[in-house]
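**Student:** how would this look folded up:
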Amino acid sequence: MICRLIAVAMLAALPVPVQAEEPAARRDATVARAVAYLRAAQSEDGSYSSFAGPAITALVATGLMDNGLTPVDPTVARTLTYLEGFVQEDGGVYGPDSMYRNYETCVAVQCLDRAAKSPNAPRDYADTLAGAEVFLKGLQWDEAEGHDPTSTSYGGAGYGKHRRPDLSNTAFLVEALHALGRGPEDPAIQRALLFVSRTQNLESEHNTTPFSVKVGDGGFYYTPAAGGSSQAGETETGGLRSYGSMTYAGLKSMIYAGVGPDDPRVQAARTWIARHYTLEENPQMGSAGYYYYLHTFAKALAAVGDETFADAEGVQHRWRAELIAKLAELQTPAGSWINPNERWLEADPNLSTAYALLALAQCQ
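**Tutor:** Down below sits the predicted model:
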């Protein structure tokens, strides 16, 4: 114990650059335990939680590759082979009769694109990715569905029987197109930006929906389409409450769409985040969607590009180090993560572990 206290004291006296290496070591150890868990949890056919379709497998494989595994690693190679079995004639990558075609294809695109960009790519995925891009753009709500830019559905993507567009699906669409190298000049990205802007509780030239003034806090909610809905519920005046995961998803999507840091939409989103900065819960949602929240938190702040983030009290947070510490604290002895709140399948350790790895990949 005495030796350990002496070692701690010596570390405390070291220069900041040396101290900064400690979170990296913790990150690497946390990732190593997660990789060991996922190697053991993989099914013989290469899948993870196949009852939910191909999406969880794609998220796991992307998380593994983003943390250093290559496409020829046996665990990753099996996931890629499994995913290839879901490529459909229409270009989508989804399960038969799936109501989640946009979501499943978007995460598959990110996975296969990540593999394609590796020097160890087992095959050329160019045709598969090109077909998937056409498919995704065909799902986006626009004139082909009878909606013009005045429609609250315009530019969005969704799932379900009627495919009502929502911010989560639209954020996955923007991220998939971003992975493929599509930028602000892409018409699909600009259509998505119009929808994303309308999911923000901020009245502006980009958002004249009746919801924009009822809350006005700069955060984001689920969808303004089909009468509007927020997973965090409504206010007494009929406003749609902002919440954490959607606010980070909205901010990330705007940055990918070329919205600059001085734009009032970005500034308002940052202000909301500053007031609700936390790693303890999904703000305004509690434990629901917690690991989804952490992965959007990490991706959005990485897109912002700042090493620290100031909360509303002016406290500067080294968000990467804080996120690493939180995930290390929550990791189970088996190396996985699991949310006791079953909503959105996060009680499945494969899904929550995939989200955690995707978050840790932004902390390198």
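**Student:** quick check: Ala144 touching Gly138?
**Tutor:** Yes. Under the criterion of CB atoms under 8 Å, Ala144 makes contact with Gly138 at 7.3 Å. Any C-beta I mention is one placed from the backbone N, CA and C, and that applies to glycine too.
**Student:** ok, the two, which is more surrounded?
**Tutor:** More neighbours surround Gly138 than the other of Ala144 and Gly138, with 14 against 10 (other CB atoms under 10 Å).
**Student:** and the more buried one, what element?
**Tutor:** helix 126-139 (DSSP states H and E).
**Student:** packing partners of that helix?
**Tutor:** Applying 3 or more CB pairs under 8 Å, 6 or more residues apart in numbering; DSSP states H and E, one finds that helix 126-139 contacts helix 101-116, helix 167-179.
**Student:** can I get those helices in CSV including distance to Val134, mean pLDDT and mean neighbour count?
**Tutor:** Below are those laid out as CSV (distance: least, CB to CB, whole Å; pLDDT from 0 to 100; neighbours: other CB atoms under 10 Å):
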stretch, distance to Val134, mean pLDDT, mean neighbour count
helix 101-116, 11, 98, 26
helix 167-179, 12, 98, 25
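**Student:** could those helices be laid out in CSV, adding distance to Arg198?
**Tutor:** Shown next, in CSV, are the helices and strands packed on helix 126-139 (distance: least, CB to CB, whole Å):
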stretch, distance to Arg198
helix 101-116, 18
helix 167-179, 9
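**Student:** all helices of the chain, in order?
**Tutor:** 2-12, 16-19, 21-41, 55-66, 74-84, 101-116, 126-139, 167-179, 187-198, 244-256, 264-275, 290-304, 319-330, 349-361 (DSSP state H).
**Student:** worst mean pLDDT among those helices?
**Tutor:** Among the helices of the chain, helix 2-12 carries the lowest mean pLDDT, a mean of 33.
**Student:** how about the helices of the chain in a markdown table, adding distance to Pro283?
**Tutor:** Putting the helices of the chain into a markdown table (distance: least, CB to CB, whole Å) gives the following:
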| stretch | distance to Pro283 |
| --- | --- |
| helix 2-12 | 33 |
| helix 16-19 | 29 |
| helix 21-41 | 23 |
| helix 55-66 | 23 |
| helix 74-84 | 32 |
| helix 101-116 | 23 |
| helix 126-139 | 29 |
| helix 167-179 | 15 |
| helix 187-198 | 19 |
| helix 244-256 | 4 |
| helix 264-275 | 9 |
| helix 290-304 | 8 |
| helix 319-330 | 14 |
| helix 349-361 | 16 |
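**Student:** tell me which of the ones you listed sits nearest to Ala225.
**Tutor:** Closest to Ala225 of the helices of the chain is helix 187-198 (CB to CB; 8.1 Å).
**Student:** can you give me the buried ones in the closest one?
**Tutor:** Ala188, Ile189, Arg191, Ala192, Leu193, Leu194, Phe195, Val196, Ser197, Arg198 (16 or more other CB atoms under 10 Å).
**Student:** pretty sure the first one is touching Gly138, no?
**Tutor:** No. Contact criterion CB under 8 Å: Ala188 and Gly138 do not qualify, at 9.9 Å.
**Student:** where does Asn207 land on pLDDT?
**Tutor:** 97.
**Student:** same question, the one 10 residues further on
**Tutor:** pLDDT recorded at Asp217 is 97.
**Student:** could you do the one 5 residues further on as well?
**Tutor:** Turning to Tyr222, the model gives it a pLDDT of 98.
**Student:** ditto for Leu69
**Tutor:** Looking at Leu69, the pLDDT reads 98.
**Student:** how close does it sit to Tyr103?
**Tutor:** 23 Å (CB to CB, to the nearest Å).
**Student:** and which of the buried residues of helix 187-198 is nearest Ala268?
**Tutor:** Closest to Ala268, out of all of the buried residues of helix 187-198 and judged by CB to CB, is Ser197, at 10.9 Å.
**Student:** wait, that closest one sits on Thr208?
**Tutor:** No. Using CB under 8 Å, Ser197 makes no contact with Thr208, being 10.1 Å away.
**Student:** who are the contact partners of the closest residue to Leu327 other than its chain neighbours?
**Tutor:** The shortest distance from Leu327 to any non-neighbouring residue, by CB to CB, 6 or more residues apart in numbering, is to Ala356 (5.4 Å). By CB atoms under 8 Å, 6 or more residues apart in numbering, Ala356 lies in contact with Ala34, Gly63, Tyr291, Leu294, His295, Leu327, Leu330, Gln331, Trp337.
**Student:** could I get the residues you listed as CSV with distance to Gly228 and neighbour count?
**Tutor:** Below are those laid out as CSV (distance: CB to CB, whole Å; neighbours: other CB atoms under 10 Å):
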residue, distance to Gly228, neighbour count
Ala34, 38, 26
Gly63, 33, 26
Tyr291, 26, 26
Leu294, 26, 27
His295, 25, 25
Leu327, 34, 25
Leu330, 33, 18
Gln331, 38, 20
Trp337, 32, 26
